[in-house]
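J.: Pasting the sequence and the predicted coordinates here, then a few questions.
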Amino acid sequence: MLLDFWASPFGQRCRIALAEKKLPYDYSEQELLGAKSDLLLRSNPIHAKVPVLLHGDGRAVCESLAILEYLDDAFPDATPRLLPSAAADPYARARARCWADYVDKKVYPVGTRLWKVKGDDEEGVRAAVAAARGELVEALRTLDGELGEKEFFGGEEEFGLVDVALVPMMPWVYSFARYGGFNVEEECPRGAAGARRGMERDSGAGSLRSPEEIYDFIGLLRKHYGIDD
């Protein structure tokens, strides 16, 4: 069973991976803005957040990147693998894990700063937006350079861990860009094209929401946290 929330890019990673591997699962939509379920609190008592994969006798696997690696290890016959095995190519495995971690540290948390900016000091707000925008654009350009002319980060037709980590972020990135005042296609053309290829796969098309839906959801978040009236 996957404990998840419809708009979560981290949960969408797991849905994409499960779809790629053609692994059946039960889906449990969780409430994140109100009272959280007892099941979620028991399953992830440290962070009380999604996604959580419950497997076997109810063992809980938390954190999206850990879940992706767990799916490779727990279902070795389910292909495609998201990571090469440690025996087959330890360098490529380590490199992919490094880039997936870069996505986690540099895309979502930095972009989130753009829509959370609040205050009556207009100069301070502009400075905060400019700082977050600069950091996010730099991260997108770095990812763009790493992708290069390849179809996917793993190579031609090698849709793997880094792609699964980044593709669900892109609908959010388009929303971050609206708050930050930049154009994703101009700043990250290769990454945007690669994300579109991932979103057009059956696994992506069945797991992701549109940038417009995410933008509307961010509007709800801004009201929930008192940023907008």
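T.: That came through fine.
J.: longest helix of the chain?
T.: Among the elements of type helix in the chain, defined by DSSP state H, the one spanning the most residues is helix 122-147.
J.: Run through the neighbouring helices and strands of it.
T.: Taking 3 or more C-beta pairs under 8 Å, 6 or more residues apart in numbering; DSSP states H and E as the contact definition, the neighbouring helices and strands of helix 122-147 are helix 90-106, helix 108-116, helix 170-180, helix 184-187, helix 189-200. Bear in mind the C-beta positions are built from the backbone N, C-alpha and C, glycine included.
J.: Tell me which of those lies nearest to residue 144.
T.: Among the helices and strands packed on helix 122-147, helix 189-200 comes nearest to residue 144, with 4.6 Å by C-beta to C-beta.
J.: contact partners of the helix or strand following that closest one?
T.: With elements assigned by DSSP states H and E, the helix or strand that comes after helix 189-200 is helix 202-205. Helix 202-205 is touched from outside by 15, 16, 17, 19, 20, 167, 198, 199, with contacts defined as C-beta atoms under 8 Å, 6 or more residues apart in numbering.
J.: hang on, isn't the fourth one packed against residue 167?
T.: It refers to residue 19. No. Between residue 19 and residue 167 there is no contact, the gap being 12.0 Å when judged by C-beta atoms under 8 Å.
J.: So for the two, which residue has more residues nearby?
T.: Comparing residue 19 with residue 167 by neighbour count (other C-beta atoms under 10 Å), the higher total belongs to residue 167, at 28 against 17.
J.: Next one: the more buried one from residue 209, what distance?
T.: When distances are taken as C-beta to C-beta, to the nearest Å, residue 167 and residue 209 turn out to be 12 Å apart.
J.: And for residue 30?
T.: Going from residue 30 to residue 209 by C-beta to C-beta gives 16 Å.
J.: just residue 150 next, same as before
T.: On the measure of C-beta to C-beta, residue 150 and residue 209 end up 26 Å apart.
J.: ditto for residue 199
T.: Residue 199 sits 10 Å away from residue 209, taking C-beta to C-beta as the criterion.
J.: same check, this time on residue 163
T.: Residue 163 is 18 Å from residue 209, by C-beta to C-beta.
J.: Between those two, which has more neighbouring residues?
T.: The neighbour count for residue 163 versus residue 209, taken as other C-beta under 10 Å, is higher for residue 163 (28 against 17).
J.: Grab the nearest non-local neighbour of that one.
T.: Distance criterion C-beta to C-beta, 6 or more residues apart in numbering; nearest residue to residue 163, sequence neighbours excluded, is residue 152 at 4.8 Å.
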